[in-house]
Structure formats: C-alpha cells, structure tokens
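# Quick one: sequence plus predicted model below, questions after.
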Amino acid sequence: MEETALLKRITVNPDILGGKPIIRGRRLAVEHVLAMLAAGDTTEVILDCYDWLEREDVLACLAFARRLVGRERYEPLQLNEAA
C-alpha cells in the first residue's frame, strides 16, 4: 500500500483525544502505537491488543511519524560544562 493511502487511515477529530492524530476515527492515538513500537512490541503484539486494528494501521503510524520527522531539522543541544 502506498504512503498516501496509508496516511488516509490517520485522522484528527477535535472531539476525540483532544484532537490528537488517531487511527481511523477510533480512540487509539498514533502516539500510543508508536510508543508500543518504541518499547519493543512487535506489530503482531499490537494487533493482538486491538482486534479491529490492521497491519496497515501500524504502517500508517510509522508513515505519519516519518512525515513529521522529515520536516524537522535536528541540531544537537550543546551544553557548556561548569568548570
């Protein structure tokens, strides 16, 4: 499935989770799925947790995150160490 089609699975509704990006209008935030992946959960584990969730939804979360990060510029924070 191409990225444009995947991203259509991510929606925003100000009445659901305060307008956070969610999956297909459901009360599951993209942020939550990304946190599960970052914690080491596999796609299979995530799919087992939500019976309505599809593999493409998890891929959509990753595509959404990539789009956001792709627009960011990273500059390392340099701290001056106290002498």
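In hand now; what should we look at?
# going forward, measure contacts between C-alpha atoms and count neighbours the same way
Will do.
# before we move on, which element is P14 in?
Here P14, judged by DSSP states H and E, is contained in no helix and no strand.
# Now do it, the pLDDT please.
What the model reports for P14 is a pLDDT of 96.
# What residues does the closest residue to it other than its chain neighbours make contact with?
Of all residues beyond its chain neighbours, the one nearest P14 is K20 (7.5 Å), with distances taken as Cα to Cα, 6 or more residues apart in numbering. By Cα atoms under 8 Å, 6 or more residues apart in numbering, K20 lies in contact with V12, N13, P14, A29, V30.
# again with L59
Going by Cα under 8 Å, 6+ apart, L59 touches L6.
# which SS class is it?
Three-state call for L59 (DSSP: H, G, I helix; E, B strand; the rest coil): helix.
# With C49 as the reference, measure out to it.
Distance of L59 to C49, computed by Cα to Cα, to the nearest Å: 16 Å.
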